[in-house]
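[1] generate a structure from the sequence data that follows.
(chains A, B and C)
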Amino acid sequence: MNNGFFGQDIISVRQFSPEKLTYIFGVADEMETLVRRFGSADMLSGKVLANLFYEPSTRTASSFMAAMVRLGGRVIPINEVHYSSVSKGESLPDTIRTLECYADIIVLRHPEVGAAQIAADYAAKPIINAGDGIGEHPTQALLDLYTIRKELGRLDGLKVAMVGDLKYGRTVHSLTRLLSRYNTEFYFVSPPILRLPEDMVAEVKARGLKAVEVEDVHEVISDVDVLYVTRVQKERFSDLALYDQVKDYYTVDPELMKMAKPKMALMHPLPRVGEISYAVDQDPRAAYFRQMENGMFIRMALLAAVLGKA
Amino acid sequence: MNNGFFGQDIISVRQFSPEKLTYIFGVADEMETLVRRFGSADMLSGKVLANLFYEPSTRTASSFMAAMVRLGGRVIPINEVHYSSVSKGESLPDTIRTLECYADIIVLRHPEVGAAQIAADYAAKPIINAGDGIGEHPTQALLDLYTIRKELGRLDGLKVAMVGDLKYGRTVHSLTRLLSRYNTEFYFVSPPILRLPEDMVAEVKARGLKAVEVEDVHEVISDVDVLYVTRVQKERFSDLALYDQVKDYYTVDPELMKMAKPKMALMHPLPRVGEISYAVDQDPRAAYFRQMENGMFIRMALLAAVLGKA
Amino acid sequence: MNNGFFGQDIISVRQFSPEKLTYIFGVADEMETLVRRFGSADMLSGKVLANLFYEPSTRTASSFMAAMVRLGGRVIPINEVHYSSVSKGESLPDTIRTLECYADIIVLRHPEVGAAQIAADYAAKPIINAGDGIGEHPTQALLDLYTIRKELGRLDGLKVAMVGDLKYGRTVHSLTRLLSRYNTEFYFVSPPILRLPEDMVAEVKARGLKAVEVEDVHEVISDVDVLYVTRVQKERFSDLALYDQVKDYYTVDPELMKMAKPKMALMHPLPRVGEISYAVDQDPRAAYFRQMENGMFIRMALLAAVLGKA
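    Residues are numbered from 1 along each chain as shown, chains lettered A, B, ... in the order given. A predicted model of the protein is given here:
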């Protein structure tokens, strides 16, 4: 159990050294084997997870639930927090300290930045951050990195384009941070109003990495190993004419994919609403559903590691 | 596992040949024995069911959950779809393809006709239709037929009255379709504006079966082996005076039951809101709560069969 | 299984003789040992609990779920009753009789007084009352009494102050009723408009017990063995100036705790919204989070006893 995870909180990707990433990815590989061969295991039999979601996220909540039950554990789903004791005015620390009376580990999704750290400060039992506002969503970043490694066989020296809303997308921020540890060439593809925050661009460049900002995905499509697409939300634009003007710069369809390398990974954290056309789904480079499945393996690995069983 | 169900979707009652019905009813009988003696089994240990409900249905959702856990499986309940990733605009196919990354089988309730078939077209894993709008609700029809067989000991040559809203009631349509394969005499009892659709009446008659349409349940009560009652919803009437005028034609009380055969089955898919008075509940012919329980046995049988364990 | 609980409903604290309390507290002690050593057990393997909540209560719902799964049982959570078959107009008795087709035991939270008894009248399977409006919440009262016994080592001859809203707080009423069986000295601390109902004061005095009513917690703090604090809800006051004037009489902070005995128990059913300051949480006499945990042990004990496994 000297894996560095036992009993620890998982709050930020900053906690993950390359060694820890390698360790978790190795366990995730084993989890995939386990699921393919046996479906489930008894590793976490007797353990209880409180799945505490202050905002809805079917995808992330289901993924953690599946991860826990496939390891033999049990889940207490708490999804209606918006109208439960919280609406009576209870504080997050009190809710957390109550739930840790019942559960062995708490997964927390909360709309406010820093909520997961506050929870961890008060809880004696481990907290896993499942997204805190525009803050972090570390398991998403881990599954993204894990998917890149699986799809392309390596993490070093890749050309990665981040596409869409780079300003508010915490997914993009966390993954960029993780990829910065490897010898990555970055292409940031977005409309001007949704560019990556300047300090993040600076952070990347400070590591001596290439970081090119462009507005049209066509400029980079033929060069990249990874095309990581996110939604460009209409609501971000005060001028809808501007939105209509730029939105096609960020749409992936079979025509665009013809220009891409034969071996590359097209990724998306989902849900998508038009950024990637359905016609691309059958393309072997379309990795987004494998990405989802990898999310379950990564979460299985983390749950097992934090609870001392991996 | 050569039962014809392994890995298959359950979308429509049209899939069920008499042989398949006999097979599933036999497995359901075994499931009842299992529950009475042991409560649960380990048959589906390690399997995960995603219970995806786009509209609320406590009864059906609970029945599938109970069926799965009594076979040792696990359930991921997804009830709040109205405000989760769907509200961010995700399509049904994407939601389904995400959930099949986590689960071994998906039960789907959706307000739109054809939704279950769309889900099945996109999913590699089996889909069970738990109701798609005014389309089908095959497990309800199966449990209804199974209940008739258990209550009366046979399916052939029965006189069956369908009562209430025969126009919109998918329950009535599916059960009528199933019963048409047996030598059934049908009585369709409804107000004129809620009559069975003409094509369904024609379908029944085309099989050479008797199909009598009447407006008052008193005309048929003394003849029938099965009285299948459904709700007459006030909202269907633009003229409420008309509603008040007819609603008693379709209410079952102890007085009415005095006219019924000593051996017959009074059924209702529930919930009821006055169509059957509480005073009838103690009548041994009142089969509606046994009908509920049969629903769990039928769903256990289907889950086991589709997942290759029956 | 001759424990007096097997197959019984748990509706009211009035059902609990001192012998039954002793029995359940003994089982709860064993449950704590079980959880500390093994996390979970298989005692209720194969059993299914329907957790039916007509109003939200994260705390109570989670506690019952955890209790059930830590004994190896399964839970069907039904939280969205406000918009499910109930909204189609189904009655409580019908919902209960449907759920008992699927489950072995039903936990019911309902906003109306008497709902649990109605459910029990219709159900063949055991019902546990998890709160029926301003009626009873017996498992809360049991966990409160159990906590007092654990914190202070005895139940006889204690000085207990009930603080806050004594008029509407069902928690206070049930606990007062239970403590009346022991040689308790009561202090009822509340603003005049939220005093304990006269009949309850009379009930206590009729047993020959001391019952003193005061308005300021400072008058009693140095004498009591138990300070049981509840919320004083702003909404109870038509005159908010009055609220502001009295609210500090009922707030517990480190200054107040300096006046308390070195060995005493500060309790609260939670959620709190200011009645006990966070600065008190580290005080060893602050028992409210242990109280939460005891709730799980008590519920484990009751579930096991009612289902014939303790």
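[2] quick one: name the residues of the stretch 201-310 of chain A near chain B.
    A:L270, A:P271, A:R272, A:V273, A:Y278, A:F289, A:M292, A:E293, A:G295, A:M296 (CB under 8 Å from any CB of the partner chain). Using the backbone N, CA and C atoms, a C-beta is placed for each residue, glycine as well.
[3] list only buried entries from those residues.
    The neighbour count (16 or more other CB atoms under 10 Å in any protein chain shown) marks A:L270, A:P271, A:R272, A:F289, A:M292, A:E293, A:G295, A:M296 as buried among these.
[4] so which of those residues also contact chain C?
    Of these, not one also sits near chain C (CB under 8 Å from any CB).
[5] and the helix or strand of chain A with the lowest mean pLDDT, how far from the chain's centre?
    Every helix and strand in chain A was compared by mean pLDDT, DSSP states H and E; the lowest is helix A:240-246, with a mean of 80. The chain centre lies 28 Å from the centre of helix A:240-246; the measure is CA atoms, centre = their mean, to the nearest Å.
[6] which other helices and strands does it contact?
    Applying 3 or more CB pairs under 8 Å, 6 or more residues apart in numbering or on different chains; DSSP states H and E, one finds that helix A:240-246 contacts no other helix or strand.
[7] regarding chain A, what is its longest helix?
    As assigned by DSSP state H, the longest helix anywhere in chain A is helix A:18-38.
[8] keeping just the C-alphas, turn stretch A:287-306 into PDB.
    The C-alpha coordinates for stretch A:287-306 follow below in PDB (Å, rounded to 0.1, in the frame of the first residue of the first chain):
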ATOM      1  CA  ALA A 287     -11.400   8.100 -29.800                       C
ATOM      2  CA  TYR A 288     -14.100   9.800 -27.700                       C
ATOM      3  CA  PHE A 289     -16.100   6.700 -26.800                       C
ATOM      4  CA  ARG A 290     -12.900   4.800 -25.900                       C
ATOM      5  CA  GLN A 291     -12.100   7.900 -23.900                       C
ATOM      6  CA  MET A 292     -15.300   7.500 -21.900                       C
ATOM      7  CA  GLU A 293     -14.500   3.800 -21.100                       C
ATOM      8  CA  ASN A 294     -11.000   4.800 -20.100                       C
ATOM      9  CA  GLY A 295     -12.600   7.100 -17.600                       C
ATOM     10  CA  MET A 296     -14.100   4.100 -15.800                       C
ATOM     11  CA  PHE A 297     -10.700   2.300 -15.700                       C
ATOM     12  CA  ILE A 298      -8.900   5.400 -14.400                       C
ATOM     13  CA  ARG A 299     -11.500   5.900 -11.700                       C
ATOM     14  CA  MET A 300     -11.400   2.200 -10.700                       C
ATOM     15  CA  ALA A 301      -7.600   2.600 -10.400                       C
ATOM     16  CA  LEU A 302      -7.900   5.700  -8.200                       C
ATOM     17  CA  LEU A 303     -10.600   4.200  -6.000                       C
ATOM     18  CA  ALA A 304      -8.600   1.000  -5.500                       C
ATOM     19  CA  ALA A 305      -5.300   3.000  -4.800                       C
ATOM     20  CA  VAL A 306      -6.900   5.500  -2.400                       C
END
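[9] buried residues, it. List them.
    A:287-289, A:291-306.
[10] give me the residues contacting the longest helix of chain A.
    Residues from elsewhere that reach helix A:18-38 (CB atoms under 8 Å, 6 or more residues apart in numbering or on different chains): A:3-5, A:16, A:40-41, A:70, A:142, A:145-146, A:149, A:178, A:181, A:294, A:296-298, A:300-302, A:304-305, A:310, B:46.
[11] show me what secondary structure element comes after it.
    strand A:48-53 (DSSP states H and E).
[12] near chain C at all, that next one?
    Yes - counting by CB under 8 Å from any CB, chain C has neighbours in strand A:48-53: A:V48, A:A50.
[13] and the helix or strand just after that strand, how far out from the chain middle?
    Using DSSP H and E, the helix or strand that follows strand A:48-53 towards the C-terminus is helix A:58-70. Relative to its parent chain, helix A:58-70 has a centroid offset of 14 Å by CA atoms, centre = their mean.
[14] again, but for stretch A:198-208
    21 Å.
[15] list the buried residues for that stretch?
    Across stretch A:198-208, burial judged by 16+ other CB under 10 Å covers A:M200, A:V201, A:E203, A:V204.
[16] phi and psi next, for A:G46.
    phi 90, psi -10 (degrees, to the nearest 10).
[17] tell me how far it lies from chain B.
    For A:G46, the distance to chain B equals 15 Å [CB to the nearest CB, to the nearest Å].
[18] pretty sure that residue contacts C:G39?
    Yes - the criterion here is CB atoms under 8 Å, and A:G46 meets it with C:G39 at 3.8 Å.
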